[in-house]
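Q: sequence unknown, structure follows:
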């Protein structure tokens with residue numbers, strides 16, 4: 001083993017491929033569920049923390065509403081909200097956002 005780290009571009013490529021696989025699996029699973037099953041799942045999980053299961057609270061932040069868990073201190077964003085918070089800044093946050101755009 002040479003200990004040479006793969007390039008950032010290569011890491012981003014494999015992260016994007018993995019995210020696309022997971023997205024396809026989620027879409028296939030959703031297609032298999034009936035409308036009633038989907039509604040039941042949404043009602044069960046709506047505004048509950050995905051990490052600890054406690055209630056999420058809507059908090060205004062920089063012109064959007066984020067979901068905050070005061071139990072585990074997690075912060076959760078809906079689709080498109082990360083882009084609004086990050087703005088047009090470059091650097092690390094921009095590279096993280098690029099992983100999820102496909």
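A: Alright, I've got the coordinates. Since this is a predicted model, take the numbers as computed values, not measurements.

Q: Now do residue 10, the pLDDT please.
A: Taken from the predicted model, the pLDDT recorded for residue 10 is 85.

Q: For residue 17, see how far away it is.
A: When distances are taken as C-beta to C-beta, to the nearest Å, residue 10 and residue 17 turn out to be 11 Å apart. Using the backbone N, CA and C atoms, a C-beta is placed for each residue, glycine as well.

Q: Also residue 24?
A: Relative to residue 17, and taking C-beta to C-beta, residue 24 is found at 11 Å.

Q: try residue 49
A: With distances defined as C-beta to C-beta, the gap from residue 49 to residue 17 amounts to 29 Å.

Q: Of the two, which one has the most company?
A: For the pair residue 49 and residue 17, the greater number of neighbours falls to residue 49 (20 against 11), based on other C-beta atoms under 10 Å.

Q: contacting residues around that one?
A: 55, 56, 69, 71, 72, 74, 76 (C-beta atoms under 8 Å, 6 or more residues apart in numbering).

Q: What helix or strand is the residue nearest to residue 63 when sequence neighbours are not counted located in?
A: The shortest distance from residue 63 to any residue that is not its chain neighbour, by C-beta to C-beta, 6 or more residues apart in numbering, is 7.0 Å, and that residue is residue 84. Element membership of residue 84 [criterion: DSSP states H and E] is helix 81-86.

Q: Kindly report the same for residue 59.
A: Counting by DSSP H and E, the element that carries residue 59 is strand 57-61.

Q: same question, residue 16
A: helix 8-32.

Q: List the contacts of the helix or strand just after that helix.
A: Later in the chain than helix 8-32, the nearest helix or strand by DSSP H and E is helix 35-45. By C-beta under 8 Å, 6+ apart, the list of residues contacting helix 35-45 from outside reads 30, 33.

Q: Compute the inter-axis angle for helix 35-45 and helix 8-32.
A: Calculated by axes from the mean of the first three to the mean of the last three C-alpha atoms, to 10 degrees, helix 35-45 forms an angle of 120 degrees with helix 8-32.

Q: Please state the offset of helix 35-45 from the chain centre?
A: In terms of C-alpha atoms, centre = their mean, to the nearest Å, the centre of helix 35-45 is set 19 Å apart from its chain centre.
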